[in-house]
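Engineer: Got a predicted structure plus its sequence, pasted below:
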Amino acid sequence: SNPVTLSHLKKMKAEGEKFTCLTAYDATFTHIMNEAGIETILVGDSLGMVIQGQDSTLPVTIEEMCYHVRAVKRGNSNAFLLADMPFMSYSKPELALDNAAKLMQAGANMVKLEGGSWLCDTVQLLSQRGIPVCAHLGLTPQAVHKLGGYKVQGKSDSAAEQIKQDSIDLVNAGADILLYECIPTELGKEITDMVNVPTIGIGAGQHTDGQVLVLHDMIGINLGKRPRFVKNFLTDGRSIQEAFEAYAQEVKEQTFPANEHGF
Ligand code: KIV
Ligand code: NA
């Protein structure tokens, strides 16, 4: 099948068709995700935790991100590839442009960065230079120490309003995808209905246009406690590819995430 593009994802949103995203860090899993029809793949800075064994994403460097993007790129035939900009690699617009260029040259189709309206200058600069941007809102793991832990965001009316306003500002600055982590299901729905770019959710309910999970979580091999939004799909004697296919099917049918996975 043809490579998935941003216009393809925007068309899916317009037609109300849900799409899938999984994280990958190497060529082999990427290939299997392609075989299973996963539309988008994120080289997440979660690799700091699931690959490197760090206790947060903060130690991950741009060089490490590029190494994994190159590996994923080699294994990829048709998924749309997003790559995370690591902690402080986008602390100023010009620095962000240099580091986003590295990820794009390593093979990414889009970069993702964490934050709200304060990122607008950076998003605008990258967009103007032809680099598509995904903005990650809600629970932003690079800010874990400021947030005081991995907690649900946007629960109060004022916090929800702030996330909505950030979303509008980021789209106006040029963001082409918005990703929400750990926000109330109702807020995920309101924002998805409000913006004209695709939304992706993790712990954001069943109404976002796309869903994402961390590979290690969804095949049940993550160490430590399993967050509420995670489901293990490597069950019932499935192969890894069949687990990816089951995830894709449940996302398309909107049986995953179920109410129990949301906030
Ligand atoms: O790094 C990552 O895996 C992510 C997802 C959890 C969205 O940012
Ligand atoms: Na990330």
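Structural biologist: In hand now; what should we look at? None of these values were measured; they are calculated from a predicted model. Ligands and ions are numbered 1, 2, ... in the order given.

Engineer: Tell me which residues touch residue 183, please.
Structural biologist: Applying C-beta atoms under 8 Å, 6 or more residues apart in numbering, we find residue 183 in contact with 137-139, 152-154, 160, 163, 201, 203-205, 263. The way it works is simple: take the backbone N, C-alpha and C, and place the C-beta from them, glycine included.

Engineer: can you pick the most crowded of the residues you listed?
Structural biologist: Within the contacts of residue 183, residue 204 tops the neighbour count with 34 neighbours, counted by other C-beta atoms under 10 Å.

Engineer: What's the per-residue pLDDT of that residue here?
Structural biologist: In this model, residue 204 is scored at 98, pLDDT.

Engineer: what helix or strand does it sit in?
Structural biologist: If you go by DSSP states H and E, residue 204 is not part of any helix or strand.

Engineer: residues in contact with the closest residue to residue 115 other than its chain neighbours?
Structural biologist: Using C-beta to C-beta, 6 or more residues apart in numbering and skipping residues adjacent in sequence, the residue nearest residue 115 is residue 140, 6.5 Å away. Neighbour list for residue 140: 114, 115, 147, 181 [criterion: C-beta under 8 Å, 6+ apart].

Engineer: Can you tell me how far the third one is from residue 159?
Structural biologist: Read it as residue 147. Going from residue 147 to residue 159 by C-beta to C-beta, to the nearest Å gives 12 Å.

Engineer: Are there residues contacting both of the two? Which ones?
Structural biologist: residue 153.

Engineer: so where do the strands sit in the protein?
Structural biologist: 19-23, 40-43, 80-84, 110-114, 133-138, 177-181, 199-202, 210-213 (DSSP state E).

Engineer: Let me have those strands in JSON lines, adding distance to residue 240 as columns.
Structural biologist: Putting the strands of the chain into JSON lines (distance: least, C-beta to C-beta, whole Å) gives the following:
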{"stretch": "strand 19-23", "distance to residue 240": "11"}
{"stretch": "strand 40-43", "distance to residue 240": "15"}
{"stretch": "strand 80-84", "distance to residue 240": "20"}
{"stretch": "strand 110-114", "distance to residue 240": "25"}
{"stretch": "strand 133-138", "distance to residue 240": "26"}
{"stretch": "strand 177-181", "distance to residue 240": "24"}
{"stretch": "strand 199-202", "distance to residue 240": "20"}
{"stretch": "strand 210-213", "distance to residue 240": "14"}
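
Engineer: Distance to ligand 2 for the ones you listed - can I get that in CSV?
Structural biologist: As requested, the strands of the chain are arranged in CSV below (distance: least, C-beta to the ion, whole Å):
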stretch, distance to ligand 2
strand 19-23, 8
strand 40-43, 7
strand 80-84, 4
strand 110-114, 7
strand 133-138, 7
strand 177-181, 8
strand 199-202, 10
strand 210-213, 10
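
Engineer: Against residue 239, how distant is residue 37?
Structural biologist: For residue 37 relative to residue 239 (C-beta to C-beta), the value is 15 Å.

Engineer: Neighbour count for these two, which is higher?
Structural biologist: Using other C-beta under 10 Å, the more surrounded residue of residue 37 and residue 239 is residue 37, with 18 against 11.

Engineer: Near residue 115, how many other residues are there?
Structural biologist: Using other C-beta under 10 Å, residue 115 has 18 neighbouring residues.

Engineer: again with the one 3 residues further on
Structural biologist: Residue 118 is flanked by 9 other residues according to other C-beta under 10 Å.
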